[in-house]
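>>> no FASTA, just this:
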């Protein structure tokens, strides 16, 4: 390969990565410039240019992808550097979650059927789970274009709250009223089933023996703890590390209780009523899990800017 | 204090120079220059810039409206010549003023040390 061939191959590699409108123009200029650079090297070395010299020149110039990138004016970014880690975690996490849910339902552990069902799972739910990163990329492209077209700018920033531990008492009072309505509806429905509903409904929603002494007692205990915690935080007007920790522990206990109700315990005598209730409880458990996740995420992301952190850092 | 690794020195110098490459290039483009001659001129004045950095930069500055360009066929191969556009000249004046203020401020900081 002659030095000219090396330069031509390099220029072609750069040019094909450029927008069509300026591809030929840049290629012509780049080729001419590289020839002059090569001639200069040849003059300095005191010998004719060879392919090794040309290769050294273009390698020093940069990888064709990088050089093409330098010729382009900055365009919009799909995923910013600060979002890359969370984007990757969300993409892989979404796939893993779909696999975890679908594998137990689709793959049989029966002898001789494992590979067959695993193959069928891979061709359905396994590969199908990749819709999630695809969806994330499309959403990120749209978000990136919007950011590029209407950049937010530093002046658009507004402080959310000086202290994220402070609660809004009117909002909490509203939430308490909603919770009270929920309790009233729950216990009212028990009363309606017991006193007004037809016998068939009453039979369907009759508690299984042994559930109320354990499940009912634990639920009452956790509800009571929640009311106490709510009242303390409301009175203090803010969260403290202790109340945050208690709230998180209470939520974890709720998830454990709900999981026990769904997986282990029989709540009602009627199997159909149990099935419907289990589905509803699974939904509640999902919401509580999301709340736990969001709380943990906020706690971990929060910068430690207290004096104790500085003291600890020095020691 | 451990000696500063040469690699880190190179990196810091690279960061320092990267900020002034545009100003250095614009300073030599008050008259027509093509890529290679501009690189030679800058190197001769103590400001060598890698070709892989300088040549694409000229295109980007042109796209941003700071430079104007034209093809010329004189002796040798066709060459694309660049010079400051009217808009580029205005930007260059402001950049120069900012640079002079910056140099004065940094010189003061270095000479006087911490307060």
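Perfect, I can see it now. Just so we're clear, the structure is a prediction, and the values are computed from it rather than from any experiment.

>>> how about the residues of chain B near chain A?
Counting by C-beta under 8 Å from any C-beta of the partner chain, the positions of chain B adjacent to chain A are B:34-36, B:50-53, B:55-57, B:59-60, B:63-64, B:77-80. For the C-beta atoms, the positions are set from N, CA and C on the backbone; glycine is no exception.

>>> Show me just the buried residues among those.
B:34-36, B:51-53, B:55-57, B:59-60, B:79-80 (16 or more other C-beta atoms under 10 Å in any protein chain shown).

>>> A helix includes residue B:68, no?
No - counting by DSSP: H, G, I helix; E, B strand; the rest coil, residue B:68 is not found in a helix; it is strand.

>>> And the closest residue to it other than its chain neighbours, how close does it get to residue B:70?
With C-beta to C-beta, 6 or more residues apart in numbering or on different chains as the criterion, residue B:68 has its nearest non-adjacent residue at 4.5 Å, and that residue is residue B:85. Note on residue B:85: its distance to residue B:70, by C-beta to C-beta, to the nearest Å, is 12 Å.

>>> the more surrounded of the two?
Neighbour count, other C-beta atoms under 10 Å in any protein chain shown: between residue B:85 and residue B:70, residue B:85 has more, with 19 against 10.

>>> tell me the contacts of the more buried one?
Residue B:85 makes contact with B:65, B:66, B:67, B:68, according to C-beta atoms under 8 Å, 6 or more residues apart in numbering or on different chains.

>>> Near chain B, which residues of chain A are found?
Contact residues (C-beta under 8 Å from any C-beta) of chain A with chain B: A:22, A:25-26, A:28-30, A:32-33, A:35-37, A:40, A:60-62, A:66-67, A:70-71, A:73.

>>> Name the residues that touch stretch A:29-38?
Residues outside stretch A:29-38 that contact it (C-beta under 8 Å, 6+ apart) are A:3, A:7-8, A:10-11, A:14-15, A:49, A:53-54, A:57-58, A:61, B:34-36, B:51, B:55, B:77-80.

>>> how far is it from where the chain is centred?
Distance of stretch A:29-38 from its chain centroid, counting by C-alpha atoms, centre = their mean, to the nearest Å, is 48 Å.

>>> Let me see the mean pLDDT of that stretch.
Here stretch A:29-38 scores 94 as its mean pLDDT.

>>> again with stretch A:108-123
Stretch A:108-123 shows a mean pLDDT of 86.

>>> just stretch B:99-115 next, same as before
On average, stretch B:99-115 scores 92.

>>> Stretch A:82-98 too?
In this model, stretch A:82-98 carries a mean pLDDT of 93.

>>> same thing with stretch A:60-67?
Stretch A:60-67 comes out at a mean pLDDT of 92.

>>> Filter the contacts of residue B:85 down to the buried ones, ChimeraX style.
Here is the ChimeraX command that selects only those of the contacts of residue B:85 that count as buried (16+ other C-beta under 10 Å):
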select /B:66,67,68
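
>>> Can you redo the contacts of residue B:85 as a markdown table, where the extra columns are distance to residue A:301 and pLDDT?
Listed next are the contacts of residue B:85 as a markdown table, based on distance: C-beta to C-beta, whole Å; pLDDT from 0 to 100:
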| residue | distance to residue A:301 | pLDDT |
| --- | --- | --- |
| B:65 | 41 | 94 |
| B:66 | 41 | 96 |
| B:67 | 44 | 97 |
| B:68 | 49 | 97 |
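
>>> ok, the contacts of residue B:85 vs chain A, which is closest?
Checking the contacts of residue B:85 against chain A with C-beta to the nearest C-beta, the nearest one is residue B:65 at 11.0 Å.
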